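Engineer: from the sequence below, what's the structure:
(4 chains)
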Amino acid sequence: MDNVLADNRIHILYFASFREQLGQAEECLPASYDTVSELLSELAVRGENWKTVLFDNKNLQIAVNHDIASRETCLKSGDEVAFFPPVTGG
Amino acid sequence: MDNVLADNRIHILYFASFREQLGQAEECLPASYDTVSELLSELAVRGENWKTVLFDNKNLQIAVNHDIASRETCLKSGDEVAFFPPVTGG
Amino acid sequence: MNHREHQSELPFVKVQQADFDLTAEITQLRQGHKNIGAVVSFVGTVRDINEGDDVSILELEHYPNMTEKALEKIRLEAHQRWSLEASLIIHRIGKLHPTDQIVLVAVASQHRESAFHAAHFIMDFLKTNAPFWKKETLPNGEVRWVDSRVSDAEAKQRWDI
Amino acid sequence: MNHREHQSELPFVKVQQADFDLTAEITQLRQGHKNIGAVVSFVGTVRDINEGDDVSILELEHYPNMTEKALEKIRLEAHQRWSLEASLIIHRIGKLHPTDQIVLVAVASQHRESAFHAAHFIMDFLKTNAPFWKKETLPNGEVRWVDSRVSDAEAKQRWDI
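Structural biologist: Below you'll find the model as predicted:
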């Protein structure tokens, strides 16, 4: 069932300039990371672009399940993690 | 001529509760007071009511020629002096 | 201060019996200013309760020859203190009822900070320096002048630092 | 918090492409609250210049599932900090042009002080905590993401005291 599948994964979203720089808007990965930091380390392995935009980015903004989060935030199956640059609304 | 007459006088206005307590909205007096304070002393002689509402009133507000003034403000012929309680607009 | 400020006699200060429309006033205020990024408006309205009593009618008296001059003075002081694109003050007079609009202060600027401060400043000074007086009628017919609030005098002090 | 707050899903937070009418929104916000004495509104508009360049189009992207939740959180925080009668946040998304309205924050309270502070607070937090991103198109066709402003991060700090 779709729900069971989804529960074993984390859903990752990229917004604004991140989406353009990384060339993708979203993806699903196995839920095998305890924290956002671990997930970022894994993504950094993909190449310089990923490392620069996310891992090394001091202005990286993170949301987990639609709440502002940090690199220390814990992850579990079914979580939605979003990475984005500083917001510019209003 | 009216203008000459007006020039030898000061025009006095009373607003809001002052107008009601003193029973008049305006009057003209000879321009024989150097300051607002002297004018107030003269008005106080009229009776307890005038003394209480104006002379003794710590919250007395004064305008001379449409600008906020004080008891020390100088007066000259043709001036318009207004006495009123603290304002309550807005 | 731009050219439009000098078009007519105090076009950005209005003392009137008529009600006002917020959208229409703001639209007019913004006209010709493409670089505005922030518009802060304050609308004062008649509450149905004052000092614990119901209020049926609120009547606003003012000092006709002084009022507009006093409001314009406050408005120009705000333009001196902050970088503003445009501003407007409308104050109603005469008989008003609960929920009626009494006053509008609108300030337009490039960035929000100055518009927020200037609108607040104008209202604080209007409350203590503009010659308006409120008289309220209670449901039992009692009529009384509204007392000035100590908090209004204190609010004004804040800006003198 | 009054009963109307629970009528529908986040009725006081709207994320929409459509423009809004200030008078209509304020009138609706005030409905049923007779004890309101002050309404402070902030309208953010598209400036025709950013960082020295002319701007032709401003496009607003957001994070659909998070946006309304983030705005409601800011709104409720304001209600906890100040005594407010009602408040409303509208934020537009999609393609906008110079002079277009982007955002409305409106706060109604008994006295002006809390309405001014709460509206300013909501805007300062919206600027740093609500997931919106602006992309601007210059007249020569160049497209770029708008940089966040350091002053916005600083403005937010102020409220943490």
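Engineer: all helices of chain A, in order?
Structural biologist: A:2-7, A:16-22, A:36-44, A:48-50 (DSSP state H).
Engineer: these: which one's closest to C:V39?
Structural biologist: Across those, C:V39 has its closest neighbour in helix A:16-22 (26.4 Å, C-beta to C-beta). C-betas here are computed from N, CA, C, even on glycine.
Engineer: got the contact list for that closest one?
Structural biologist: A:14, A:25, A:49-50, A:53-54, A:83-85, D:61, D:133, D:135, D:145 (C-beta atoms under 8 Å, 6 or more residues apart in numbering or on different chains).
Engineer: hmm, try it at 6 Å
Structural biologist: A:14, A:25, A:53, A:83-85, D:61, D:133, D:145 (C-beta atoms under 6 Å, 6 or more residues apart in numbering or on different chains).
Engineer: show me which pair in the residues you listed is furthest apart.
Structural biologist: A:V53 and D:E61 (16.6 Å).
Engineer: name the residues of stretch C:49-63 that are buried.
Structural biologist: Within stretch C:49-63, the residues that count as buried by 16 or more other C-beta atoms under 10 Å in any protein chain shown are C:50, C:55, C:57-63.
Engineer: give me the distance between the closest residue to A:F84 other than its chain neighbours and D:F42.
Structural biologist: Spatial nearest neighbour of A:F84, excluding adjacent residues (C-beta to C-beta, 6 or more residues apart in numbering or on different chains): A:F15 at 3.9 Å. Here the distance between A:F15 and D:F42 works out to 25 Å (C-beta to C-beta, to the nearest Å).
Engineer: now do A:Y14
Structural biologist: Taken as C-beta to C-beta, the span from A:Y14 to D:F42 is 31 Å.
Engineer: the more surrounded of these two?
Structural biologist: D:F42 (24 against 20; other C-beta atoms under 10 Å in any protein chain shown).
Engineer: list the beta-bridge partners for that one.
Structural biologist: With DSSP bridges as the criterion, D:F42 is bridged to C:V40, D:V105.
Engineer: who's in contact with the closest residue to chain B within chain A?
Structural biologist: Nearest residue of chain A to chain B: A:G90, at 28.1 Å (C-beta to the nearest C-beta). Counting by C-beta under 6 Å, 6+ apart, A:G90 touches D:44, D:103, D:126-127.
Engineer: so how far is D:H62 from the residue of chain A found nearest chain D?
Structural biologist: Closest residue of chain A to chain D, C-beta to the nearest C-beta: A:G89 (2.7 Å). Between A:G89 and D:H62 the computed distance is 7 Å (C-beta to C-beta).
Engineer: also C:I89?
Structural biologist: Distance from C:I89 to D:H62, by C-beta to C-beta: 36 Å.
Engineer: ok, now C:V15?
Structural biologist: Relative to D:H62, and taking C-beta to C-beta, C:V15 is found at 43 Å.
Engineer: do C:V39 as well
Structural biologist: 22 Å.
Engineer: kindly report the same for C:K127.
Structural biologist: Taken as C-beta to C-beta, the span from C:K127 to D:H62 is 39 Å.
Engineer: coming back round to it: joint contacts of A:G89 and D:H62?
Structural biologist: Common neighbours of A:G89 and D:H62 (C-beta under 6 Å, 6+ apart) are D:F132.
Engineer: strands of chain C, residue ranges please.
Structural biologist: C:13-16, C:38-45, C:49-50, C:53-54, C:57-62, C:86-92, C:94-96, C:101-109, C:132-137, C:143-145 (DSSP state E).
Engineer: okay, now the residue lying closest to C:R47 once chain neighbours are set aside: neighbour count?
Structural biologist: Nearest residue to C:R47 in three dimensions, chain neighbours excluded: D:G37, at 4.6 Å (C-beta to C-beta, 6+ apart). Residues contacting D:G37 under the criterion other C-beta under 10 Å number 21.
Engineer: list the contacts of the residue in chain C positioned nearest to chain A.
Structural biologist: For chain C, the residue closest to chain A is C:R112, as judged by C-beta to the nearest C-beta, at 8.0 Å. By C-beta under 6 Å, 6+ apart, the contact list for C:R112 reads C:38, D:123.
Engineer: repeat that for the one 4 residues further on.
Structural biologist: With contacts defined as C-beta under 6 Å, 6+ apart, C:F116 is in contact with C:40, D:120.
Engineer: where in chain C is pLDDT low?
Structural biologist: Filtered on pLDDT under 70, chain C yields the residue ranges C:1-9, C:161.
Engineer: for it, what lies in contact range of chain D?
Structural biologist: Neighbours of chain D within chain C, by C-beta under 6 Å from any C-beta of the partner chain: C:21-23, C:34-37, C:39-43, C:45, C:47-48, C:98-99, C:112, C:116, C:120, C:123.
Engineer: before we move on, back to that, need the contacts of A:G90 in JSON lines with neighbour count, can you?
Structural biologist: As requested, these are exported to JSON lines (neighbours: other C-beta atoms under 10 Å in any protein chain shown):
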{"residue": "D:G44", "neighbour count": "24"}
{"residue": "D:V103", "neighbour count": "24"}
{"residue": "D:L126", "neighbour count": "25"}
{"residue": "D:K127", "neighbour count": "24"}
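Engineer: what distance do you get for the most far-flung residue of chain C relative to its centre to C:E61?
Structural biologist: Here chain C reaches farthest from its C-alpha mean at C:N140, the gap being 30.0 Å by C-alpha atoms, centre = their mean. From C:N140 across to C:E61, the span is 22 Å (C-beta to C-beta).
Engineer: report the distance from stretch A:31-39 to the chain centre.
Structural biologist: 10 Å (C-alpha atoms, centre = their mean, to the nearest Å).
Engineer: same check, this time on stretch C:21-37
Structural biologist: A distance of 17 Å separates the C-alpha centroid of stretch C:21-37 from that of its chain, computed with C-alpha atoms, centre = their mean.
Engineer: do the same with stretch A:52-67
Structural biologist: How far stretch A:52-67 lies from its chain's middle: 7 Å, per C-alpha atoms, centre = their mean.
Engineer: now swap in stretch C:46-53 and tell me
Structural biologist: Using C-alpha atoms, centre = their mean, the offset of stretch C:46-53 from its chain centre is 20 Å.
Engineer: let's see that stretch as CSV, backbone CA atoms only.
Structural biologist: Written as CSV, here are the backbone C-alpha positions of stretch C:46-53 (Å, rounded to 0.1, in the frame of the first residue of the first chain):
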residue,chain,number,x,y,z
VAL,C,46,-16.4,54.8,18.3
ARG,C,47,-16.5,52.1,21.0
ASP,C,48,-19.9,51.3,22.6
ILE,C,49,-18.5,51.5,26.1
ASN,C,50,-16.6,54.2,27.9
GLU,C,51,-15.6,54.1,31.6
GLY,C,52,-17.9,51.2,32.1
ASP,C,53,-21.0,52.9,30.6
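Engineer: buried residues in stretch A:57-77?
Structural biologist: For stretch A:57-77, a neighbour-count test (16+ other C-beta under 10 Å) marks A:60-66, A:68-69, A:73, A:75 as buried.
Engineer: in strands, which of those residues appear?
Structural biologist: Going by DSSP E, the strands hold A:61-64, A:68-69 from the buried residues of stretch A:57-77.
Engineer: which among the residues you listed gets closest to D:Q80?
Structural biologist: For those, the nearest to D:Q80 is A:I68 (17.7 Å; C-beta to C-beta).
Engineer: is the closest one bridged to anything, and to what?
Structural biologist: Those that pair with A:I68 in a beta bridge, by DSSP bridges, are A:A63.
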